[in-house]
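A.B. asks: Prediction below, plus the sequence it came from.
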Amino acid sequence: MKQIVILSGKGGTGKTFVSASLACLAENAVFADCDVDAANLHLLLAPEVKETHEFKGGRVAELNESACTGCGICVEHCRFDALSMKDGLAVVDSVACEGCGVCGLVCPTEAFSFRTSDAGRWFKSDTKFGPMLHAQLFAGEENSGKLVQKVRSNARSTGEQQGRDWVVIDGPPGTGCAVMSAMTGVDMVVLVTEPTTAGVHDVKRVINVAMHFGIPVGMVINKSTINPQVAEELRSFAEEKKIRYLGEVPYDKRIVDSVADLKPYACSFDDDISDRLKSVWEKITEV
Amino acid sequence: MTISVASGKGGTGKTTVAVGLALALEQQVQLLDCDVEEPNSHLFLQLEPELSAEQDSKGQSEAKAGVRSSEDFSILVPRIDQDKCTACGLCSAFCEYGALARLKDKLLVFDNLCHGCGGCKIVCPEGAITEAPRPIGKLVSAAVPGVDLLYGDLNSGEVLAPPLIRAVKRHIGAAPGGTEGPPVIIDSPPGTTCPMVTAVKDSDFSILVTENTPFGLHDLELAVEVLNDLEMPMGVVINRSDIGRSDVEEFCRKKNLPVLMRIPYSREIAEFYARGESIVAADPGIRRRFQEMYSRIEELVAERRGAQ
């Protein structure tokens, strides 16, 4: 079973548009939406949820107000600006709190306890293209990397149990903790980039991370016709860095419309764009 | 006044709006790019080209670029004096992040797992732990006429975005005498989780940028939920407003959210963006529309302050 993850660095380059097409083209695959902050793949693949599971996040400090003497020692020691004094009592900012436990350590009256937050849900679903694992992290929660791991490990075990050939992962934007969780141990990173100043800037950051882990990288240029000069720069950059060039898709309103109509492109239309997407998938299978 | 520009979904035009607004206003503004995993605002301000890491390490960046200065942002990580350490294991037992491990009679530190809380130093009974700074990113400042830019740039592979975002926000300037400083515009990271909340928190107003697609609507709904929890006044900018159906408009009507601006789907705007130019340069009419949007936000904030 091979695992591929689709990443972009910058948001809005067409990552999910490409992921949905690869998902519908991949035979005998299981899908994982690892963009757990703003999951969208389910909108295109229309999963029927079979199982819902709770996700517990990191620890957060809680204050027992009756024990707090307002001495302020905890505020002095918190390195995450998660504590402040209000009306003679300590106040915890649960978004800023990293759950390190230092406040509990220094508090002379043991006024702090720690709870694990109910941070999200993850789902096991069926789509007409195959099983899908996806999740939603609740607003303001952290530890998205841990939830990504959860989705991925369940996608892998589902794939193994059912004898699937592929795990196709729609990754999160950025280059942080969630991205690293999404790419660890995959067979290939498929980058969906666009020939824009910001797109190039961001994709280079992801390439650095992928290469640091020694993962093979392939590149798809979306909206390739929006700036032919930058598109050319991307192609030569790919060649120089020994990145496998998987193809390109033009800047075309048909694509935006297909997303507005919630259709996975490659399996909903038969035209030049779907041919290009099919050729991208073929090249991935050759690797 | 501090206005944060956010969006649930990435790539909806957050940076386009943040930079456009900053450039359109006639007074001096502070632009803080808090999207520290992918800071992009500076790409649209026509700054001097970035220097390579090699040049940077020679300390030539300030002299050469003229408008740019850069400082390391570090967290404090433990260093163990092996002569004093008795390998009692209290520090590794305390550490929530697995950054300290006891191996027989020795303590090992894994810098990349450390969040820099300082707890190990406090629990150590032998005074064997000191702390040393470890850079996890950079704070970069630059200026063009009318705009002072400050952005955080998290090193690839680092996970501690919120502390760097807070460090960027600590630079929000107050004018002398406690009066309100220049307008501050914050370019927030995408999403609805911890980094986004850290970036938008304590603003006077949030602009949510979305696009008129089911993805845009889905992620807008999540972002509105977060801002409601923060009791943040907000308005919506609809990008690519003329594609798809009118679901986003309908959602805004239902939730009583003011639509502050509509930007049509346009190849010309996309080409400007691709070249790294602000849409304010693309169309002088847009400058005026940004100014009108700012006035409208001022009114909305004043109304709310009056109501409280």
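C.D. replies: That came in fine, so what should we check first?
A.B. asks: Now do the buried residues in the longest helix along chain A.
C.D. replies: Secondary structure of chain A per DSSP state H: the longest helix is helix A:144-162. Neighbour-count burial for helix A:144-162, counted by 16 or more other CB atoms under 10 Å in any protein chain shown, picks out A:144-152, A:154-156, A:158-159. Where C-beta positions appear, they are placed from N, C-alpha and C, glycine not excepted.
A.B. asks: do stretch A:164-178 as well
C.D. replies: Buried, per 16+ other CB under 10 Å, within stretch A:164-178: A:164, A:166-178.
A.B. asks: Out of these, which are close to chain B?
C.D. replies: With CB under 8 Å from any CB of the partner chain as the criterion, these include A:173-177 near chain B.
A.B. asks: So which residues of the chain form strands?
C.D. replies: Picked chain A for this. Taking DSSP state E, the strands of chain A run over residues A:2-7, A:29-33, A:48-63, A:83-86, A:89-92, A:112-127, A:130-137, A:166-170, A:188-193, A:217-221, A:244-248.
A.B. asks: Chain B was what I was after
C.D. replies: Using DSSP E, strands in chain B cover B:2-6, B:29-33, B:69-80, B:100-103, B:106-109, B:129-144, B:147-154, B:184-187, B:205-211, B:234-239, B:259-263.
A.B. asks: Would you check that residue A:107 makes contact with residue A:73?
C.D. replies: Yes - contact criterion CB atoms under 8 Å: residue A:107 and residue A:73 qualify, at 6.8 Å.
A.B. asks: okay, the two: which has more neighbours?
C.D. replies: residue A:107 (21 against 15; other CB atoms under 10 Å in any protein chain shown).
A.B. asks: residue ranges with poor pLDDT in the stretch 101-250 of chain B?
C.D. replies: Scanning the stretch 101-250 of chain B with the threshold set as pLDDT under 70 gives B:174-179.
A.B. asks: what about residue B:82, neighbour count?
C.D. replies: Residues near residue B:82, counting by other CB under 10 Å: 10.
A.B. asks: need the contact list for the nearest residue to it once chain neighbours are set aside.
C.D. replies: Nearest residue to residue B:82, sequence neighbours excluded (CB to CB, 6 or more residues apart in numbering or on different chains): residue B:106, at 6.8 Å. Residue B:106 makes contact with B:82, B:85, B:87, according to CB atoms under 8 Å, 6 or more residues apart in numbering or on different chains.
A.B. asks: same thing but at 10 Å, please
C.D. replies: B:80, B:82, B:85, B:87 (CB atoms under 10 Å, 6 or more residues apart in numbering or on different chains).
A.B. asks: would JSON lines of those with pLDDT and distance to residue B:243 be doable?
C.D. replies: Formatted as JSON lines, the contacts of residue B:106 follow (pLDDT from 0 to 100; distance: CB to CB, whole Å):
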{"residue": "B:80", "pLDDT": "96", "distance to residue B:243": "58"}
{"residue": "B:82", "pLDDT": "92", "distance to residue B:243": "63"}
{"residue": "B:85", "pLDDT": "96", "distance to residue B:243": "63"}
{"residue": "B:87", "pLDDT": "94", "distance to residue B:243": "64"}
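A.B. asks: out of the buried residues of helix A:144-162, which one sits closest to chain B?
C.D. replies: Nearest to chain B among the buried residues of helix A:144-162: residue A:144, at 5.8 Å, using CB to the nearest CB.
A.B. asks: check contacts around that closest one.
C.D. replies: A:34-37, A:57, A:119-120, A:135, A:137, A:172, A:174, A:176-179, A:181-182, B:159, B:191, B:193-195.
A.B. asks: Which ChimeraX command selects the buried ones in the residues you listed?
C.D. replies: Those of those that count as buried under 16+ other CB under 10 Å are selected in ChimeraX with:
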select /A:34,35,36,37,57,119,120,135,137,172,174,176,177,178,179,181,182 /B:159,191,193,194,195
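A.B. asks: Can you flag which of the contacts of residue A:144 belong to helices?
C.D. replies: Counted as lying in helices by DSSP H, out of those, are A:177-179, A:181-182, B:194-195.
A.B. asks: Apart from its chain neighbours, what residue comes closest to the most centrally placed residue in chain B?
C.D. replies: Residue closest to the mean C-alpha point of chain B, counted by CA atoms, centre = their mean, is residue B:34 at 1.2 Å. The shortest distance from residue B:34 to any non-neighbouring residue, by CB to CB, 6+ apart, is to residue B:199 (3.9 Å).
A.B. asks: Touching, the one you found and residue B:165? I think so.
C.D. replies: Yes - here residue B:199 reaches residue B:165: they are 5.3 Å apart, a contact under CB atoms under 10 Å.
A.B. asks: hey, what's in contact with both of the two?
C.D. replies: B:32-36, B:152, B:186, B:188-189.
A.B. asks: Can you flag the buried ones in those residues?
C.D. replies: B:32-36, B:152, B:186, B:188-189.
A.B. asks: For chain A, give me the ranges with low pLDDT.
C.D. replies: For chain A (pLDDT under 70), the answer is none.
A.B. asks: Show me what the longest helix along chain B packs onto, helices and strands only.
C.D. replies: Assignment by DSSP H gives helix B:284-307 as the longest helix of chain B. Using 3 or more CB pairs under 10 Å, 6 or more residues apart in numbering or on different chains; DSSP states H and E, the elements in contact with helix B:284-307 are strand B:2-6, helix B:14-24, strand B:205-211, strand B:234-239, strand B:259-263, helix B:279-282.
A.B. asks: contacting residues around residue B:293?
C.D. replies: B:3, B:17, B:20-21, B:24, B:207, B:235, B:237, B:258, B:260-261.
A.B. asks: Over to residue B:14?
C.D. replies: A:11-12, B:4-7, B:35, B:40-41, B:187-190, B:207-210, B:237, B:239.
A.B. asks: Now do the same for it: its pLDDT.
C.D. replies: pLDDT for residue B:14: 95.
A.B. asks: Over to the one 5 residues further on?
C.D. replies: Reported pLDDT at residue B:19 in the predicted model: 96.
A.B. asks: Without its sequence neighbours, what residue ends up closest to it?
C.D. replies: Closest to residue B:19 by CB to CB, 6+ apart is residue B:44, at 4.5 Å.
A.B. asks: Show me how chain A divides into domains.
C.D. replies: A:2-46+A:128-286, A:57-118 (automatic domain parsing).
A.B. asks: May I see the ones you listed organised as CSV, with distance to residue B:130 added?
C.D. replies: Below are the domains of chain A laid out as CSV (distance: least, CB to CB, whole Å):
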stretch, distance to residue B:130
domain A:2-46+A:128-286, 27
domain A:57-118, 16
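A.B. asks: does stretch B:233-247 come close to chain A?
C.D. replies: Yes - using CB under 10 Å from any CB of the partner chain, stretch B:233-247 reaches chain A at B:239-240, B:243-245, B:247.
A.B. asks: what about burial for those, which qualify?
C.D. replies: Applying 16+ other CB under 10 Å to the residues of stretch B:233-247 next to chain A flags B:239-240, B:243-244, B:247 as buried.
A.B. asks: Between those, which sits nearest residue A:49?
C.D. replies: Top of the list for closeness to residue A:49, among those and by CB to CB, is residue B:247 at 22.2 Å.
A.B. asks: now that closest one, nearest residue through space, not along the chain?
C.D. replies: Per CB to CB, 6+ apart, closest to residue B:247 is residue B:217, 5.2 Å.
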